[in-house]
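Trainee: model the following, please.
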Amino acid sequence: MKWFYNRIYRKQKGFTLVELMVVIIILAVLTGIAIPSYLALRDRARIQATRSEMQNIATAIGVYEADTDGFPVAATMALMIPIIEPTYMLDVPVNDAWGNPYTYVGTAATYTLASTGGGTAITITDGAFVGE
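Mentor: Numbering: from 1, shown residues only. Reported below is the predicted structural model:
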């Protein structure tokens, strides 16, 4: 009778291999679903951050144009920054959300500000996004 009691009421410690494998498979499936969603959300957030920064730069350029009756004349972003900083915008961002530099080409009559980060070209010409 004692062997029957020990067999029924013994304390089992640990998990079986099947239980561990089921948990690992469930975690793998959930990870397989979550990672692509996370990457897509991260890319959309970077696009929005870049568009927002570019809109802020375009606003500063617009205020400069209202004061001087012309856009900043510069062939690169590095040459344009000293023209609008710090009077029209403090800390003009040089790089987009992906770490790539913004490109700026401007004459007194027109300008183009662009970002090519993330494989998506975002361009502002004379204060308006191109392609909208």
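
Trainee: the lengthiest helix in the chain packs against which elements?
Mentor: For the chain, the helix that runs over the most residues, judged by DSSP state H, is helix 17-68. Applying 3 or more Cβ pairs under 8 Å, 6 or more residues apart in numbering; DSSP states H and E, one finds that helix 17-68 contacts helix 77-84, strand 111-115, strand 122-125. Every C-beta, even on glycine, is put in place using the N, C-alpha and C of the backbone.

Trainee: go again using 6 Å as the cut-off
Mentor: strand 122-125 (3 or more Cβ pairs under 6 Å, 6 or more residues apart in numbering; DSSP states H and E).

Trainee: could you spell out the sheet neighbours of the strand it packs on, each with its direction?
Mentor: strand 111-115 (antiparallel), strand 128-129 (antiparallel) (DSSP bridges).

Trainee: dump the ones you listed into JSON lines; add distance to Lys13, mean neighbour count and mean pLDDT as well.
Mentor: Converted to JSON lines, the strands paired with strand 122-125 look like this (distance: least, Cβ to Cβ, whole Å; neighbours: other Cβ atoms under 10 Å; pLDDT from 0 to 100):
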{"stretch": "strand 111-115", "distance to Lys13": "58", "mean neighbour count": "21", "mean pLDDT": "91"}
{"stretch": "strand 128-129", "distance to Lys13": "63", "mean neighbour count": "12", "mean pLDDT": "88"}
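
Trainee: just the pLDDT for Asp126.
Mentor: Per-residue confidence (pLDDT) for Asp126: 87.

Trainee: ok, and the closest non-adjacent residue to it?
Mentor: Thr110 (5.6 Å; Cβ to Cβ, 6 or more residues apart in numbering).

Trainee: and the one you found, how far is that from Glu65?
Mentor: Using Cβ to Cβ, to the nearest Å, Thr110 is found at 10 Å from Glu65.

Trainee: and what of Ala34?
Mentor: For Ala34 relative to Glu65 (Cβ to Cβ), the value is 46 Å.
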